[in-house]
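Chemist: Would you be able to build a 3D model of this:
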Amino acid sequence: MAGMKIKSHALQSGAFASMGILHFVAPKPFDAIIPPYMPSKARTWTYLSGVAELTVAGLIANKGTRALGGKAAVALLLAVWPANFEMARQALAGEDTSRKVISLARLPLQLPLIRAAAKLS
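Modeler: Here you go, the predicted model:
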């Protein structure tokens, strides 16, 4: 669709909603990267973060709550960042080179996501 510009809030809301749904539809990959020092079961954290992702998606989608959604998105992205570090730690301990590269490259990519979310608030 030439000339169609997707607004940042729509893209972010869709991304958070998609990831939130994935936490419930396919929770095992998320369970696997919950840091081992977290209390309770990994699945509990997977579901809680899924609810948080869906909540943030809804807040960002609604113009009246978008600024709050941006702040909530920043908080959520910071809160789940340790899972990205756990994924990288696991990858570095393994043999799969592509998994190592992807998981390490993902760490700094959280920063532009945080910056984009902050612009909504």
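Chemist: When you work out contacts or count neighbours from here on, use the C-alpha atoms and nothing else.
Modeler: OK.
Chemist: Can you list the helices and strands that the longest helix seen in the chain packs against?
Modeler: Ranked by residue count under DSSP state H, the longest helix found in the chain is helix 66-93. Helices and strands in packing contact with helix 66-93 are listed as helix 42-61, helix 97-120; criterion 3 or more C-alpha pairs under 8 Å, 6 or more residues apart in numbering; DSSP states H and E.
Chemist: can you put those helices in JSON lines and add mean neighbour count and mean pLDDT?
Modeler: Formatted as JSON lines, these follow (neighbours: other C-alpha atoms under 10 Å; pLDDT from 0 to 100):
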{"stretch": "helix 42-61", "mean neighbour count": "21", "mean pLDDT": "98"}
{"stretch": "helix 97-120", "mean neighbour count": "15", "mean pLDDT": "95"}
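Chemist: can you put the ones you listed in a markdown table and add distance to Asn84?
Modeler: Compiled in a markdown table, these are given as follows (distance: least, C-alpha to C-alpha, whole Å):
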| stretch | distance to Asn84 |
| --- | --- |
| helix 42-61 | 13 |
| helix 97-120 | 6 |
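Chemist: most centrally placed residue in this protein?
Modeler: Central residue of the chain (C-alpha atoms, centre = their mean): Leu77, 5.7 Å from the mean position.
Chemist: The residue nearest to that one when sequence neighbours are not counted and Trp45: what is the separation?
Modeler: In space, and not counting its chain neighbours, Leu77 is closest to Ile114: 6.4 Å by C-alpha to C-alpha, 6 or more residues apart in numbering. Distance from Ile114 to Trp45, counting by C-alpha to C-alpha, to the nearest Å: 21 Å.
Chemist: got it, and Ile33?
Modeler: In terms of C-alpha to C-alpha, Ile33 sits 10 Å off from Trp45.
Chemist: Quick check on Asp96: phi, psi?
Modeler: phi -80, psi 110 (degrees, to the nearest 10).
Chemist: Likewise for Met38?
Modeler: According to degrees, to the nearest 10, Met38 has phi -70, psi 140.
Chemist: Got the confidence number for it?
Modeler: We have a pLDDT of 96 for Met38.
Chemist: got the contact list for Leu92?
Modeler: Lys100 (C-alpha atoms under 8 Å, 6 or more residues apart in numbering).
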